[in-house]
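Chemist: got a sequence here, can you build the structure:
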Amino acid sequence: MRHFPIFLDLSGRHVIVSGAGDCAVSKLRLLLKTEASITVFDSSPSPQVEKWAAEGRVTLSRHPIRHGDANGAALLYAANDDADEDARAAEIGRQAGVPVNIVDNLEDSEFITPAIVDRDPVTIAIGTEGSAPVLARRIKAELEERLPASLGILARIGRSFRGRAELVPSGRRRRDFWARYYSGEGDAALKSGGEAGARAKLEEFLTDAIESRPRQGNVALIGAGPGDPDLLTMKARRLIDQADVVLHDRLVPQPILELARREAIIVETGKTGYGASWRQEDINALMIEHARRGAQVVRLKSGDPGIYGRLDEEIDALDAAGITFEVVPGITAAAAAAAVSGISMTRRGRNSSVRFLTGRDMEGFAEHDWRELAKPGATAAIYMGVRAAGFLRGRLMMHGAKADTPVTVVENVSRPDQKTVVTTILTLPEALETARISGPAVLLYGLAPRRTANPIQVAEVPIHEKTGVL
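Modeler: Here you go, the predicted model:
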């Protein structure tokens with residue numbers, strides 16, 4: 001990090017701008033949002049600067065900056081649209097001990113001005129070390145869209161209430177008090193009742209916090225998607241950030257877990273196929289225990305919680321314990337695998353339905369309606385099918401599936417180590433072994449990719465002439 005980000009208090013302090021043309025105007029628009037006393041030096045000011053001077057918003061000196069003009073200033077901007085004049089102004093600033101910014105000259109500047117999202121008093125600064133201003137503007141635009149205009153009003157009301165909030169003991173209780181206000185309830189009160197409604201809501205929260213009314217625990221059963229944090233829903237991100245406790249599956253990657261607060265309790269409640277696993281009863285008990293203590297619990301599951309995620313068992317346990325819950329869907333591996341392969345799981349004239357299957361269940365390899373699956377055009381997304389590949393091939397071909405029926409296998413979909421294998425039902429087990437696929441992987445039966453990055457193509461394996469087997 002070359003430039004250390006800080007927020008400088010400019011209230012009542014002097015800021016110098018050398019130049020009054022178009023280049024200076026863009027900086028002045030930003031500086032005029034502060035409480036600084038601004039002086040502009042230029043012998044030929046633009047009409048906009050003339051207007052601001054007439055309104056008393058800036059002091060205009062109709063001559064180039066001179067030695068001594070920068071004495072005592074907090075900042076100096078050289079914005080003359082002239083390299084020689086900028087260098088001269090910068091030297092005057094440096095001799096006066098003032099930090100200098102030369103517009104569009106990163107190397108000769110002591111500081112840079114970031115892109116800013118202004119929701120006063122909430123200010124978000126975005127910097128790219130001067131290397132990618134277009135990227136900074138894009139990030140700014142995205143944040144502008146996501147942050148409501150009411151955020152500043154909400155923050156100003158909260159700031160005026162800080163003295164009253166001191167009545168709440170510091171630590172968890174006070175943090176919870178502000179979390180309730182800023183997590184959505186305060187904004188809802190502001191929209192329905194204006195500023196008076198927001199203040200009334202704060203008084204209500206204050207009474208609850210002072211009287212130590214127990215906070216009701218809750219469990220959010222969230223789909224973390226296939227692994228790419230960008231594929232999380234906005235609601236999932238918000239709930240993870242607010243969580244006191246995160247209980248996550250083994251397949252949830254670290255970048256998603258890092259979205260949780262540092263103070264949150266994070267526990268891996270992993271399940272491993274054919275290996276050591278947490279018992280479902282113990283996971284249920286842990287969710288209930290934390291929720292009964294008033295914690296906001298996130299049960300974070302890979303993919304979608306309703307697709308082979310034991311969602312019903314956990315909901316039944318929470319219902320029986322009287323714990324409130326909500327379910328937040330996630331992108332399941334099959335949908336992600338089809339997307340990265342450039343294919344649709346349904347298509348007119350090919351198939352009007354798709355099956356979601358598991359290669360194994362509690363009894364071992366899972367049985368399905370093989371005759372229907374073996375019909376031309378049938379498609380299926382098969383989970384937990386890597387170790388069951390030989391079983392799947394045998395059952396499907398026994399019931400009439402053609403040997404050249406395509407199968408697309410995607411391992412670690414959406415992650416940096418994603419791998420795609422393109423094969424057929426005949427060569428499926430050998431293809432998985434050759435590509436060293438160990439999972440997590442989803443098998444798209446009956447579907448060949450339209451496009452994929454560096455797919456592994458596996459050649460057909462001949463069938464033995466007499467036995468008809470591999």
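
Chemist: show me where the stretch 101-250 of the chain has its strands.
Modeler: 115-119, 122-126, 218-223, 245-248 (DSSP state E, counting those that start in this stretch).

Chemist: those: which one's closest to residue 165?
Modeler: strand 122-126 (17.5 Å; Cβ to Cβ). No exception for glycine: its C-beta is placed from N, CA and C like everyone else's.

Chemist: what helices and strands are in contact with the biggest helix by length in the chain?
Modeler: Determined from DSSP state H, the single longest helix within the chain is helix 186-210. For helix 186-210, the elements it packs on are helix 151-160, helix 162-165, helix 172-180, judged by 3 or more Cβ pairs under 8 Å, 6 or more residues apart in numbering; DSSP states H and E.

Chemist: now the last one, how far from the chain's geometric center?
Modeler: What it means is helix 172-180. 23 Å (Cα atoms, centre = their mean, to the nearest Å).

Chemist: so residue 84 sits in a helix?
Modeler: Yes: counting by DSSP: H, G, I helix; E, B strand; the rest coil, residue 84 falls inside a helix.

Chemist: and for it, the neighbour number?
Modeler: The local packing of residue 84 (other Cβ atoms under 10 Å) involves 8 other residues.

Chemist: try residue 238
Modeler: Residues near residue 238, counting by other Cβ under 10 Å: 16.

Chemist: distance of it from residue 328?
Modeler: 10 Å (Cβ to Cβ, to the nearest Å).

Chemist: going by mean pLDDT, which of the helices and strands packed on helix 186-210 comes out lowest?
Modeler: Lowest mean pLDDT within the helices and strands packed on helix 186-210: helix 172-180, at a mean of 80.

Chemist: what packs against that helix?
Modeler: Here helix 172-180 touches helix 162-165, helix 186-210, going by 3+ Cβ pairs under 8 Å, 6+ apart.

Chemist: list the buried residues of the last one.
Modeler: What it means is helix 186-210. 186-187, 189-190, 197-199, 201-202, 205-206, 208-209 (16 or more other Cβ atoms under 10 Å).

Chemist: could I get the residues you listed as TSV with distance to residue 229?
Modeler: Shown next, in TSV, are the buried residues of helix 186-210 (distance: Cβ to Cβ, whole Å):
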residue	distance to residue 229
186	27
187	25
189	31
190	30
197	35
198	32
199	37
201	32
202	33
205	31
206	36
208	34
209	33
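
Chemist: show me which of those is closest to residue 314.
Modeler: residue 208 (28.8 Å).

Chemist: neighbours of residue 332, just the number please.
Modeler: When neighbours are defined as other Cβ under 10 Å, residue 332 has 24 of them.

Chemist: got the domain boundaries for this protein?
Modeler: As given by automatic domain parsing, the domain ranges for the chain are 14-113, 151-210, 218-331, 334-457.

Chemist: now distance to residue 5 too, for those, in a markdown table please.
Modeler: What follows is the domains of the chain, written out as a markdown table (distance: least, Cβ to Cβ, whole Å):
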| stretch | distance to residue 5 |
| --- | --- |
| domain 14-113 | 10 |
| domain 151-210 | 19 |
| domain 218-331 | 19 |
| domain 334-457 | 28 |
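
Chemist: residue 125 is nearest to which of the ones you listed?
Modeler: For the domains of the chain, the distance to residue 125 is smallest for domain 14-113, at 8.8 Å, taking Cβ to Cβ.

Chemist: first-to-last residue distance for the closest one?
Modeler: Start and end residues of domain 14-113 are separated by 17 Å (Cα to Cα, to the nearest Å).

Chemist: so residue 278 touches residue 269, yeah?
Modeler: Yes: the pair residue 278 and residue 269 qualifies as a contact (Cβ atoms under 8 Å) at a distance of 4.6 Å.

Chemist: who has more neighbours out of the two?
Modeler: Counted by other Cβ under 10 Å, residue 278 and residue 269 do not tie: residue 269 has more neighbours, with 20 against 17.

Chemist: for that one, give its distance to residue 324.
Modeler: With distances taken as Cβ to Cβ, residue 269 is found 20 Å from residue 324.

Chemist: and what of residue 289?
Modeler: 15 Å.

Chemist: equivalent analysis for residue 268, please.
Modeler: The spacing between residue 268 and residue 324, counted by Cβ to Cβ, is 24 Å.

Chemist: ditto for residue 357
Modeler: Residue 357 is 33 Å from residue 324, by Cβ to Cβ.

Chemist: between the two, which has more neighbouring residues?
Modeler: Using other Cβ under 10 Å as the criterion, residue 357 and residue 324 rank with residue 357 on top: 21 against 12.

Chemist: so which helix or strand takes in that one?
Modeler: strand 355-358 (DSSP states H and E).

Chemist: also residue 30?
Modeler: Assessed by DSSP H and E, residue 30 sits inside helix 22-31.

Chemist: which residues does the next helix-or-strand element following that helix contact?
Modeler: Next in sequence after helix 22-31, counting helices and strands by DSSP H and E, comes strand 37-41. Residues from elsewhere that reach strand 37-41 (Cβ atoms under 8 Å, 6 or more residues apart in numbering): 12-20, 24, 28, 31-32, 49, 53, 57-61, 63-65, 69, 89.

Chemist: may I have strand 37-41 as PDB, with CA atoms only?
Modeler: Only the C-alpha atoms of strand 37-41 are listed here, as PDB (Å, rounded to 0.1, in the frame of the first residue of the first chain):
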ATOM      1  CA  SER A  37     -12.100  27.700   3.700                       C
ATOM      2  CA  ILE A  38     -11.100  27.600   0.000                       C
ATOM      3  CA  THR A  39      -8.900  30.100  -1.800                       C
ATOM      4  CA  VAL A  40      -8.500  29.900  -5.600                       C
ATOM      5  CA  PHE A  41      -5.600  31.600  -7.400                       C
END
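
Chemist: quick one: low-confidence residue ranges for the stretch 201-350 of the chain.
Modeler: Scanning the stretch 201-350 of the chain for pLDDT under 70 picks out 212-215, 271-276.

Chemist: go on, the stretch 351-470 of the chain?
Modeler: Applying pLDDT under 70 to the stretch 351-470 of the chain flags the ranges 362-363, 451-470.

Chemist: can you give me the helices for it?
Modeler: Along the stretch 351-470 of the chain, the segments classed as helices by DSSP state H, counting those that start in this stretch run 370-373, 389-398, 428-434.

Chemist: any chance of these in a markdown table, with mean neighbour count and distance to residue 404 too?
Modeler: Shown next, in a markdown table, are the helices of the stretch 351-470 of the chain (neighbours: other Cβ atoms under 10 Å; distance: least, Cβ to Cβ, whole Å):
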| stretch | mean neighbour count | distance to residue 404 |
| --- | --- | --- |
| helix 370-373 | 16 | 16 |
| helix 389-398 | 20 | 11 |
| helix 428-434 | 20 | 12 |
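
Chemist: any idea how far residue 368 is from residue 424?
Modeler: 19 Å.

Chemist: thanks a lot, catch you later.
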